[in-house]
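Student: how would this look folded up:
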Amino acid sequence: MKKGIHPDNYRPVVFKDMSNDDMFISRSTIAAKDTIEIDGVTYPLVKLEITSSSHPFFTGKQKLVDTAGRVDKFMSRYGKHMQNKK
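Tutor: Here you go, the predicted model:
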């Protein structure tokens, strides 16, 4: 590794998944505005929308999100064509 190009201020930081309230502690240099106390120790807190504990790829749980009826719209347009080909 080259000397002088990596930061020296690594410290323990809590990362919190806001979708399922899962937390883990890792070393990081990220700037955090919030803090949290765990086992009597105060850590910087970084709030995340999604982590490996809530991501469908890692959990195996898939969600089908149908926004504005896109699936129905597709079936109404192309469903007849697919039936005619059979």
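Student: any low-confidence regions in this protein?
Tutor: The chain contains residues with pLDDT under 70 at 1, 55-60, 62-69, 71, 80-86.
Student: Identify the residue nearest the geometric centre of it.
Tutor: Central residue of the chain (C-alpha atoms, centre = their mean): residue 50, 1.6 Å from the mean position.
Student: And residue 38, its phi and psi?
Tutor: Main-chain torsions, residue 38, degrees, to the nearest 10: phi -130, psi 120.
Student: What helix or strand is the closest residue to it other than its chain neighbours located in?
Tutor: The shortest distance from residue 38 to any residue other than its chain neighbours is 6.6 Å, reached at residue 14 (C-beta to C-beta, 6 or more residues apart in numbering). Heads up, the C-betas are built off the backbone N, CA and C, glycines and all. Assessed by DSSP states H and E, residue 14 sits inside strand 11-17.
Student: What are the contacting residues of that strand?
Tutor: 22-30, 32, 36, 38, 43-51, 53-54 (C-beta atoms under 8 Å, 6 or more residues apart in numbering).
Student: Can you give me the buried ones in it?
Tutor: For strand 11-17, a neighbour-count test (16 or more other C-beta atoms under 10 Å) marks 13-17 as buried.
Student: ok so, going back, was I right to think the residue nearest to the centre of the chain contacts residue 20?
Tutor: No. Here residue 50 does not reach residue 20: they are 9.4 Å apart, not a contact under C-beta atoms under 8 Å.
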